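[1] Can you look at this prediction? I've put the sequence above it.
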Number of protein chains: 2
Amino acid sequence: MIDSSLDPDHNRSVITFIGDPDSIRKSALAGVGKAVELIDMRSHHGAHPRVGAVDVIPIVPIRNVTMQDCVDLSCEIGAAIADEFRIPVYFYEESANAEHRRNLANIRRGGYEKLVKGRLDRDRTPDLGPDIAHPTAGATIIGARGPLIAFNVDLRTSDFALAQRIAAEIRRCRDEGRGMAGVKAMAVDLVSRGIVQVSTNITQPDKTTMYDVYDFVRGRAEKAGVEIERSELIGAVRLDDTVRSAAESMKLEGFDETRIVDWWLE
Amino acid sequence: MIDSSLDPDHNRSVITFIGDPDSIRKSALAGVGKAVELIDMRSHHGAHPRVGAVDVIPIVPIRNVTMQDCVDLSCEIGAAIADEFRIPVYFYEESANAEHRRNLANIRRGGYEKLVKGRLDRDRTPDLGPDIAHPTAGATIIGARGPLIAFNVDLRTSDFALAQRIAAEIRRCRDEGRGMAGVKAMAVDLVSRGIVQVSTNITQPDKTTMYDVYDFVRGRAEKAGVEIERSELIGAVRLDDTVRSAAESMKLEGFDETRIVDWWLE
């Protein structure tokens, strides 16, 4: 396990672990077991969209495995979740069985609350498992995908509408091809801290760096007279993501991994 | 060799190489031999201070060696340079034989042009080698020291006085303890490119990051209506330097090496 993060406003834990396929399978299933034991979706509230106690399990190829290996692994883990825990399972991204299932947001729409309302049929038919949501654990989404950076920027204000406007502007720029390529953005009200957040997923980290997103949000917030409180990375990034973000922040030419002493020592 | 850099205005090459002490000794001496063969200081001009064809050889402990190991190695290489090439050798930083020899700038003052003017006596007596400068190769400074970041910021202007003012302000803040800890700064006129540069050495990279320096220069330049053209790293940095600079640029909390997937894979 290389990172875990949770906070009272999202009310969501993100556990990041690396290993060979067999270790990942065992660890994922152990994690699912513990989540199902501890979490009762009937009394769960949080700012982040989710469909179940184990909302989503992304599997990312890092080294010495192909995307297809990860798709195969996701199928294996998904089947075990459906069989052992009687939880409906949806495959997404590279593991999706249909085009409209590729996008996580499509599967999540309406969340746990909508899923438990009736039989999971038509658009909502799960890929594996029972056709009704697990009463306390809801459903689970699993799939292989490329690297993604979960990156949040906290604004020193309680003005939720400002965070919403900035998130919308990120999406607009992305859709119009004016920067922010592959960035998903939403506003989150961090009630417990009295501030607001622009929460993003950088799904094309080779095109858009963390600093690009930070600088975009900072610029828009500044125009509204609002400062950045801090930013936050959920999970892990690749060395290359860090290097390119650092280079971007300083217009640092010719900076890559080979300029880092440690890179040569391994 | 992990990096080499040179440019027509500094008219100076920086060669960065890593290895075990024996490889470093052999490579350093081979490099000295080639520099002495190719470079004639009698016709050398450049914006960067220097005392000889091989101006300075810093030896930095990276892993599995102590600072004392590097001091010992610098003594060995220094002795060979004095003996084999008949070049006066000065020891600096951790290898210095006297307090006033610790600071590179003290030894360099006046440069090659001053050194060749007469016998090297009193303040200028070398630690090893002949008491007159080598006619074409001048003198060489060598020593063990901690990591240092050679980091330059280019301004989109030909206003040399602005670069001088910013460099002076960095030194003033450093001396008054208002940030810029351990940063040495000077202005360089990049005549060949028609712009100017604030050239820095970050000698306490655990206290001051590249981004700190970039942001300082950017802020001062902006007040004068001048944009940053780019920044430049000479040589290499540690992973930790990169990570902390990235964190600084985005107010990114809790970001360290453990958040980089690659770090776990080695």
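    Received the coordinates, thanks.
[2] Spell out which parts of chain A neighbour chain B.
    A:2-3, A:18, A:62-63, A:210-211, A:214, A:228-233, A:236-239, A:242-243, A:245-246, A:249-255, A:258-266 (CB under 8 Å from any CB of the partner chain). Placement of C-beta: from N, CA and C, glycine included.
[3] so what's the residue nearest to the spatial centre of chain A bridging to?
    Chain A has residue A:150 as the residue nearest its centroid, 5.7 Å off, counting by CA atoms, centre = their mean. On the basis of DSSP bridges, residue A:150 is bridged to residue A:201, residue A:234.
[4] what separates it from residue B:51, distance-wise?
    52 Å (CB to CB, to the nearest Å).
[5] And for residue A:172?
    Residue A:172 is 58 Å from residue B:51, by CB to CB.
[6] Those two: which has the busier surroundings?
    residue B:51 (27 against 12; other CB atoms under 10 Å in any protein chain shown).
[7] close enough to count as contact, that one and residue B:109?
    No. The pair residue B:51 / residue B:109 is not scored as a contact, 9.3 Å apart, by CB atoms under 8 Å.
[8] Quickly list what's touching both of the two.
    Common contacts of residue B:51 and residue B:109 (CB atoms under 8 Å, 6 or more residues apart in numbering or on different chains): none found.
[9] And the residue of the stretch 101-250 of chain A that's closest to chain B?
    The nearest approach of the stretch 101-250 of chain A to chain B comes at residue A:249, 3.6 Å away (CB to the nearest CB).
[10] Now residue A:235: closest residue in space, sequence neighbours ignored.
    Using CB to CB, 6 or more residues apart in numbering or on different chains and skipping the chain neighbours, the partner closest in space to residue A:235 is residue A:16 (4.3 Å).
[11] Look at that neighbour and say how many residues are nearby.
    Neighbours around residue A:16, by other CB under 10 Å: 17.
[12] Equivalent analysis for the one 4 residues further on, please.
    Residue A:20 has 9 neighbours, counted by other CB under 10 Å.
[13] what's around residue A:193, how many residues?
    14.
[14] residues contacting the closest residue to it other than its chain neighbours?
    Spatial nearest neighbour of residue A:193, excluding adjacent residues (CB to CB, 6+ apart): residue A:9 at 7.3 Å. Applying CB under 8 Å, 6+ apart to residue A:9 gives the contacts A:46-47, A:188-193, A:197.
[15] can you check residue A:162 too?
    So residue A:162 contacts A:155, A:196, A:221, A:224, A:226 (CB under 8 Å, 6+ apart).
[16] Now for the fourth one, how many residues are close by?
    By the other CB under 10 Å criterion, the neighbourhood of residue A:224 contains 13 residues.
[17] Quick one: the strands in the stretch 51-200 of chain A, in order.
    A:56-59, A:89-91, A:140-144, A:149-155, A:183-190, A:195-202 (DSSP state E, counting those that start in this stretch).
[18] Include mean pLDDT when you put those into TSV, please.
    Below are these laid out as TSV (pLDDT from 0 to 100):
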stretch	mean pLDDT
strand A:56-59	98
strand A:89-91	98
strand A:140-144	98
strand A:149-155	98
strand A:183-190	96
strand A:195-202	98
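[19] out of those, which comes closest to residue B:180?
    strand A:149-155 (26.8 Å; CB to CB).
[20] which strands and helices sit next to that closest one?
    helix A:160-175, strand A:195-202, helix A:210-223, strand A:228-234 (3 or more CB pairs under 8 Å, 6 or more residues apart in numbering or on different chains; DSSP states H and E).
[21] again, only using 10 Å
    helix A:160-175, strand A:183-190, strand A:195-202, helix A:210-223, strand A:228-234, helix A:239-249 (3 or more CB pairs under 10 Å, 6 or more residues apart in numbering or on different chains; DSSP states H and E).
[22] from the chain's centre, how far out does it sit?
    11 Å (CA atoms, centre = their mean, to the nearest Å).
[23] the domain parsing of chain A - what is it?
    A:3-144, A:149-261 (automatic domain parsing).
[24] All set now, cheers.
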